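1. sequence-free structure coming up:
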């Protein structure tokens, strides 16, 4: 088989969900010439981008189905990637405390000013 046409390459990319290596195999070539062809033809590049966006939409749809079905892995993944401001970030734990600074002595204020966590300073003062 000779060099595929742009139309054949577009169809192969669409049929294989934007996976260039798989599309290239179906066309009887390797991915290196397909990437070169993609770089040469804006319509082929657009078809690749569209196919990949469609695959992302499909994956998101399946993720939402998994969440609705109670899949804990899907729920955790979603929260970690979409709700870090709610404390579901990458292992970061934040704690908010309301602190009346007027109740602290100079030594405690200095420790906090030097970067020591207020909770640690307060814990030390409750031990004494």
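-> Sure thing, it's come through. Quick caveat: nothing in here was measured; it's all calculated off a predicted structure.

2. Just the pLDDT at the most centrally placed residue in the chain, thanks.
-> Taking CA atoms, centre = their mean, the centroid of the chain lies closest to residue 81, which sits 5.7 Å from it. We note a pLDDT of 89 for residue 81 in this prediction.

3. Equivalent analysis for residue 99, please.
-> pLDDT at residue 99 comes out at 68.

4. again with residue 103
-> Looking at residue 103, its pLDDT reads 82.

5. Which neighbouring elements make contact with whatever helix or strand residue 45 lives in?
-> Residue 45 is located in helix 42-68, with elements delineated by DSSP states H and E. The contact analysis (3 or more CB pairs under 8 Å, 6 or more residues apart in numbering; DSSP states H and E) places helix 42-68 against helix 6-15, helix 31-40, helix 72-82. Glycine gets a C-beta too; all of them are placed from N, C-alpha and C.

6. centre of the chain versus the helix or strand following the longest one, how much separation?
-> In other words, helix 72-82. Where DSSP H and E defines the elements, the next helix or strand beyond helix 72-82 is helix 106-113. Relative to the chain's own centre, helix 106-113 is displaced by 39 Å; criterion: CA atoms, centre = their mean, to the nearest Å.

7. Looking at helix 106-113 now, give me its mean pLDDT.
-> 88.

8. any idea how far residue 2 is from residue 49?
-> Shown here: residue 2 relative to residue 49, a distance of 26 Å by CB to CB, to the nearest Å.

9. oh sorry, the question was meant for residue 22
-> Taking CB to CB, one finds residue 22 at 17 Å from residue 49.

10. need the helices and strands packed on helix 42-68 in a markdown table with distance to residue 101, can you?
-> Formatted as a markdown table, the helices and strands packed on helix 42-68 follow (distance: least, CB to CB, whole Å):
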| stretch | distance to residue 101 |
| --- | --- |
| helix 6-15 | 62 |
| helix 31-40 | 60 |
| helix 72-82 | 34 |
